[in-house]
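Colleague: predicted coordinates and the sequence they were generated for:
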Amino acid sequence: MSYIVRFVETPEDLAKCHDVRLKVFSDEQGYDRNEEIDKIDSECLHWVAVDATSNEGVGTARLYKYSPILGKVGRVAVLSSTRGSGLGRLVMEAVEKYVIEHTELEKLGLSSQVPRKGFYEKLGYVASGDEYPDEGQPHIYMEKTLPAKK
């Protein structure tokens, strides 16, 4: 399968992001559907990964400017049918590329589910602090310093 990851600019693409998130976080992992589209969602930048053939949404991530130098990546999700394909890496690389090219952010932070920690470590994120629960799931804060601007 071939995938395209793109910055969300249309309501249709944002709906694909929300659909992936609801399938992964609510239907599959049991998170509260009413909390999935939260109060900061409209302030975030979003990315959608689509199947190149069907244009169906298969992955997503969002970015929130937490401070002048820190962006928080969240709601990173890929459908179970695409896991292990490298799609998660493609989504994260698209977010990082955009941040480096279009913002003044110096670091990216995220709240990783503990079982996904290794995925983010392979991308250069470093865990800090203690594990904490988020809707009953153990999470850990991770951060990555981005390359200096040229």
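Modeller: Structure's in. What do you need? Residues are numbered from 1 along each chain as shown.
Colleague: over the strand or helix carrying L63, what's the mean pLDDT, rounded is fine.
Modeller: Secondary-structure element containing L63, defined by DSSP states H and E: strand 57-65. For strand 57-65, the per-residue pLDDT values average out at 98.
Colleague: buried residues, the helix or strand following it. List them.
Modeller: Reading on from strand 57-65 to the C-terminus, the next helix or strand found by DSSP H and E is strand 70-78. Of the residues in strand 70-78, those buried by neighbour count under the rule 16 or more other CB atoms under 10 Å are G71, K72, V73, G74, R75, V76, A77, V78. Using the backbone N, CA and C atoms, a C-beta is placed for each residue, glycine as well.
Colleague: isn't the third one right up against V91?
Modeller: Think V73. No. The criterion here is CB atoms under 8 Å, and V73 misses it with V91 at 9.5 Å.
Colleague: just to revisit the earlier point, adding pLDDT and distance to A15, write the buried residues of strand 70-78 out as CSV.
Modeller: Shown next, in CSV, are the buried residues of strand 70-78 (pLDDT from 0 to 100; distance: CB to CB, whole Å):
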residue, pLDDT, distance to A15
G71, 98, 23
K72, 98, 22
V73, 98, 20
G74, 97, 18
R75, 96, 14
V76, 97, 18
A77, 97, 14
V78, 97, 17
